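Colleague: 3D model of this:
(2 chains)
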Amino acid sequence: MEKSLTSVNMPAILSLIKGCVVSVGPSRSGSSLLLALFISPPVLAHDLFVDSQPLPQVLTATRLKQSPAAVPGSMTVLDSELIKASGARDISELLRLVPGMMVGNISGNQAAVNYHGTNATEARRMQVLIDGRSVYRAGLATVDWSDIPVAMEDIERIEVFRGPNTVSYGANALMAVVNIITRAPADSHGTRLKITRGQRGISDWYASQGSGWEGGDLRLSLSGQEDDGFDSNRNGADYRDSRRLNRFNLSVSQTLNEQQSIDWQLNAKDGTNQRPYTYRPVFAGITAAGDNSDVVAKDYAGSLRWNLDLNPNHSLYVQGSVQHWDRQQTWRACDAEVSFSPQLTDLWLLNPNYAEKLARNIPSFTGTGAPPGTPQEQALANQVLDQWRNGASQTLCGDIDQSARESRYDLEIQDTLSLSDSLRLVTGANYRYDRADSETYFNGTLDDTTWRLFGQLEWRASEHWLVQGGAMFEDTHLTGSSLTPRVAVNYLITPRHGLRAVYSEAVRSPDMFENNVNWSYQVTNLKPTAFGQSSARYFVQTRGPGNLDQEHMRSRELGYNGYFMNLGLTVDVKLFHDEITGMISEPLRNNQYIASNANESQFSGAETQFDWRITSADRLRLTYAYVDALASNALDEQPTARNSGSAGWLRDWGRGWNSAVFYYGADDLNGYRFERIDTRLAKRIPLGKANLELAGILQQRLDNQPTTFVDNRYDSRHVLYFTAELSF
Amino acid sequence: MLRGRSRKTPFRGRLPLALCLVFAGWLATIQVRAAEIVLTGVHNSPGVQSFTQALKALRPEDEVRFTPLASLPAPGKLPRNVRLVLLDLPSLDWRLQETQGPATLVLRISRQQARDRLGETTPDHLSLLWSDPPLARQLRLIRAILPQISRVGVLFDGHSEFLLKEIRQAATPLGLEIVSERWDDTSDSRPLQKLLSHSDVLLGLDDPDLYNPKTVKNLLLSSYARQRALIGPNAAFVKAGSLASTYSDQEDWLAILDDLLDRPAATWPRTLYPARFKVLSNQQVARSLGIEPIDAESVAAQLAEGEPRP
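Modeller: Numbering: from 1, shown residues only, chains lettered A, B, ... in the order given. This is a model prediction of the structure:
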């Protein structure tokens, strides 16, 4: 969850207000006045001319953020101007603006986002939060970017903490933290209606209503998104990866009194993600096939946060949230009847290699008999061969239910205490209960509980030196406990220019899937029946090892952040060396999944970002990352582009016209080059008290390569879409 | 302004004339000093008491006393040599009943409050001493602590709209652009959001309809979320989270009052912004916004340096 010490979003150690006062104006001789002068500053509180109205201290030491130069790490903030100008329809697309972020696609409705790298199909080493609530799935430990129940239009900003930070965000904040912050209800008053239409089946809509009352505000938003995904696969055939979804969001803030307030949210998302039929029959001669493995994806979340300001130097909050991920994936698959042979299942459990060899080459063994093996293996194999000869080679089709339902209950308390002018302490505790329910993946229900304690101290040793350190202790029922430390030293040359050195350790707990998967298919509605049964278990079964350890990350970073006020230029540079050991790199497959902690990766390089407001009308933004990846498993190395970056130019032309041009480039992302230019041109038209904005977005690919994977191909290198937004 | 500089004019060899002037001045002082100073307001609060005591200490030759408004007769019935000092708006309303009456100094009144009561006129029998920081000074404060910014956002409503012209006039020579937004309904945050997206800093007007304990949270949190500082509207807001403001406290007002009371009432200005002032900054907010620590003393001196002298 969002912690207050370690990101730009977080308060700094701030001194108590010092009445830095001095009187100027004509001096006056007269000793009697001196008397009044001496008592003046302390008397401020009872001053007839100063303290005329009792006001609450709003921007308190615990509420204020750190200045960018004082942040103990690397941070990229995507503000609302940038988000809008990018014209992006997906959060994952926005992350291309973050240096070092490797953004790709598994399919049109599945983004793969990694910071620096590691396996593209299982991007699971980044923490992703929406208003402090982790959207990392409980059981399958991935982030379904397309299914996150938040509309782009509701996002105020995205803060990306580039580096490990489990101390502040808990385990899984291994390589980076993406903190999505939605617009405060108080800042969302009025009505907004938006519609987007374009090529590739793009059809989005958004409607929101915000209003306020005495001490409270709310925002209700409804939205939908549709597109066709990629056009064709490697064979030129239509690629089944479109999506269609609707969302509901309600966000409410209520001030209870001067010290207390509550914020609560309800989020829901319901939609369909198409998936192609990817089952390849194991047995020879099977030609029948299903036509899809589409997913109905529903996400629900609710959270309640109680904020208590005990005094300007001490505040705490308690946040509880409930989330539910429902992935309904039932599809029809076909293979030979012998797939459901109990003997073949036994053989698989005895020796999966032997069973697979037999299954894949069964016609060649019908004449010769069972392949060489132990007598027990051979006996079972011969029984299977008999079944094959006796008609079990016939084609069967049945329903596979690969659905999963995951739930998470999370309760967190965090206390922020400003001990003095220069010392601040954040402490807290977190309890989490995760449950995953899937017949296919877990043969029922599996659950896990996690306890976490964390503390971080921020010490402003002097005007120039800032030391921030902390640790997290976590205990997980399924994988045990861990302690991770973190320390950062910032040297502030001036308040706007800071150098930093950061050392941190982080862990990632293996998810339930990796560690405890019990993967088998109970196929129903079989036609014709398998050995007389309409429901039978498919012979392949996979179990997780159950004893996986956590992955460990050690990260070292040197950085500089500076704001050149006269130029309007913000610069951030970072040098890094990260090592992950005990890596679980094996892809999640249902045939012979043998997970282990045997792998490791190293990432070193440099990143930089420039944000330059050249004039009041022009903004230039550049990012670049050089990442050198070295991994024991090739799959962890491939998604890393050695050179990647972005360049953007935003301009306000006046008279309601504004434009933005962005270039995104990565030289080798999972084996493919990616270069694209996005252009957005918008015109704002005032209509009385309302405002209409019309915009056109053109995305032009500069290369001819597939996107991240070989099947992700578009027919045309460009796409055009338009938006119309009315606000009043 | 009232800096008493005439008394420091060099003699330049015209001794007899100078002596005459000094004598006349001394006579005038004696006459003024003989005055009875009556402070009035509805409540004799601790703040009023401390102010009265301080003024007493400052002017031992005078008879300084606080009389609750309820105990005072109609203004015209008061002796002519009394110097009236009004400390609240009810006492102003009472004084406005009739033009007859003693010379009157009105303290703790803002431009907007005067405008609401008096319209564009300033009665001849009153001297209005403005409690709100002069806007030109606030703009120069912005220039001094945020030299890189150019667009200053100003929220206003029907009561404070009349100040816009003055702000614009003061902003032009400083190279500042005023972006204004009407905010009639403070429960609707859209005008605030719109203004924040088109300005670099927010300048608060001392308009209690807009800046009050109910709106302060939204104003400060919204502007802070966009990394925009609020300047003003007064010292109380700086404690709440505004970046800085100029202000005049009791000490400043005592000095100003002392100076005025030294002079014949006929020479009192009709309206006056205090030439004595201080700068108050919120160092926590400055640090968080990455602004160099504000040295209130030198900024105040710098602002005073740039003010037109009488």
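Colleague: Now do the same contact list for the residue nearest to A:Arg684 when sequence neighbours are not counted.
Modeller: Spatially, and ignoring its direct neighbours in sequence, A:Arg684 is nearest to A:Gly656 (3.9 Å; CB to CB, 6 or more residues apart in numbering or on different chains). No exception for glycine: its C-beta is placed from N, CA and C like everyone else's. Contacts for A:Gly656 (CB atoms under 8 Å, 6 or more residues apart in numbering or on different chains) come out as A:Lys683, A:Arg684, A:Ile685, A:Pro686.
Colleague: For A:Gly656, give me the backbone phi and psi.
Modeller: phi 80, psi 0 (degrees, to the nearest 10).
Colleague: which one of the contacts of A:Gly656 is nearest B:Gln49?
Modeller: Of all the contacts of A:Gly656, B:Gln49 sits closest to A:Pro686, with 54.9 Å by CB to CB.
Colleague: one step back: sort out which of the contacts of A:Gly656 are buried, if you could.
Modeller: A:Arg684 (16 or more other CB atoms under 10 Å in any protein chain shown).
Colleague: now the contacts of A:Gly656 as a markdown table including secondary structure and pLDDT?
Modeller: Output for those, formatted as a markdown table (DSSP: H, G, I helix; E, B strand; the rest coil; pLDDT from 0 to 100):
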| residue | secondary structure | pLDDT |
| --- | --- | --- |
| A:Lys683 | strand | 98 |
| A:Arg684 | strand | 96 |
| A:Ile685 | strand | 97 |
| A:Pro686 | strand | 95 |
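Colleague: And the contacts of A:Gly656, which is closest to B:Asp295?
Modeller: A:Arg684 (41.8 Å).
Colleague: one step back: how close does the residue nearest to A:Arg684 sit to B:Ile178?
Modeller: A:Gly656 sits at a distance of 21 Å from B:Ile178 (criterion: CB to CB, to the nearest Å).
Colleague: Likewise for B:Leu195?
Modeller: With CB to CB as the criterion, B:Leu195 and B:Ile178 are 11 Å apart.
Colleague: and B:Leu118, what does it touch?
Modeller: Taking CB under 8 Å, 6+ apart as the test, what B:Leu118 contacts is B:Leu96.
Colleague: what about the helices in the stretch 601-728 of chain A?
Modeller: Secondary structure of the stretch 601-728 of chain A by DSSP state H, counting those that start in this stretch: the helices cover A:634-637.
Colleague: element containing A:Glu377, please.
Modeller: For A:Glu377, the element it lies in under DSSP states H and E is helix A:375-387.
Colleague: Assign the nearest residue to A:Glu463 once chain neighbours are set aside to helix, strand or coil.
Modeller: The shortest distance from A:Glu463 to any residue other than its chain neighbours is 7.2 Å, reached at A:Leu492 (CB to CB, 6+ apart). Classification of A:Leu492 using DSSP: H, G, I helix; E, B strand; the rest coil returns strand.
Colleague: Okay, and the beta partners of A:Leu492?
Modeller: A:Gly498 (DSSP bridges).
Colleague: Is it in contact with A:Leu466, as I believe?
Modeller: Yes. Taking CB atoms under 8 Å as the definition, A:Leu492 is a contact partner of A:Leu466 at 6.4 Å.
Colleague: Need the overlap of contacts for the two.
Modeller: With CB under 8 Å, 6+ apart, A:Leu492 and A:Leu466 have common neighbours A:Ala70, A:Gly498.
Colleague: residues contacting the residue minimising distance to the centre of chain A?
Modeller: Geometric centre of chain A, nearest residue: A:Val128, 3.2 Å, by CA atoms, centre = their mean. A:Val128 makes contacts with A:Ser134, A:Val135, A:Tyr136, A:Val143, A:Ile148, A:Val177, A:Val178, A:Ile180, as judged by CB under 8 Å, 6+ apart.
Colleague: ok, back up a step: C-alpha coordinates for the helix holding A:Glu377, CSV please?
Modeller: Below are the C-alpha coordinates for helix A:375-387, written out as CSV (Å, rounded to 0.1, in the frame of the first residue of the first chain):
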residue,chain,number,x,y,z
PRO,A,375,8.0,-53.0,-16.1
GLN,A,376,5.3,-50.9,-14.4
GLU,A,377,5.5,-48.2,-17.1
GLN,A,378,5.5,-50.7,-19.9
ALA,A,379,2.5,-52.6,-18.4
LEU,A,380,0.5,-49.3,-18.2
ALA,A,381,1.7,-48.3,-21.7
ASN,A,382,0.5,-51.6,-23.2
GLN,A,383,-2.9,-51.2,-21.6
VAL,A,384,-3.1,-47.7,-23.2
LEU,A,385,-2.0,-49.1,-26.6
ASP,A,386,-4.8,-51.7,-26.3
GLN,A,387,-7.3,-49.0,-25.7
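Colleague: Can you point out the buried residues in that helix?
Modeller: Buried residues in helix A:375-387, counted by 16+ other CB under 10 Å: A:Glu377, A:Gln378, A:Leu380, A:Ala381, A:Gln383, A:Val384, A:Leu385, A:Gln387.
Colleague: Just put the residues you listed in a markdown table and tack on pLDDT.
Modeller: Converted to a markdown table, the buried residues of helix A:375-387 look like this (pLDDT from 0 to 100):
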| residue | pLDDT |
| --- | --- |
| A:Glu377 | 94 |
| A:Gln378 | 94 |
| A:Leu380 | 94 |
| A:Ala381 | 94 |
| A:Gln383 | 94 |
| A:Val384 | 94 |
| A:Leu385 | 94 |
| A:Gln387 | 94 |
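Colleague: Name the spans of the stretch 501-650 of chain A whose pLDDT lies under the cut-off.
Modeller: Applying pLDDT under 70 to the stretch 501-650 of chain A flags the ranges A:591-593.
Colleague: make it 90
Modeller: A:507-520, A:541-548, A:565-568, A:584-596, A:615-616, A:633-639 (pLDDT under 90).
Colleague: from it, which residue is nearest to chain B?
Modeller: When scored by CB to the nearest CB, the stretch 501-650 of chain A has A:Met565 as its residue closest to chain B, at 4.8 Å.
Colleague: Which residues does stretch B:155-165 contact?
Modeller: Contacts of stretch B:155-165 (CB under 8 Å, 6+ apart): B:111-112, B:115-116, B:135, B:154, B:178, B:180-184, B:191-192, B:195, B:202, B:204-205, B:207, B:209-210.
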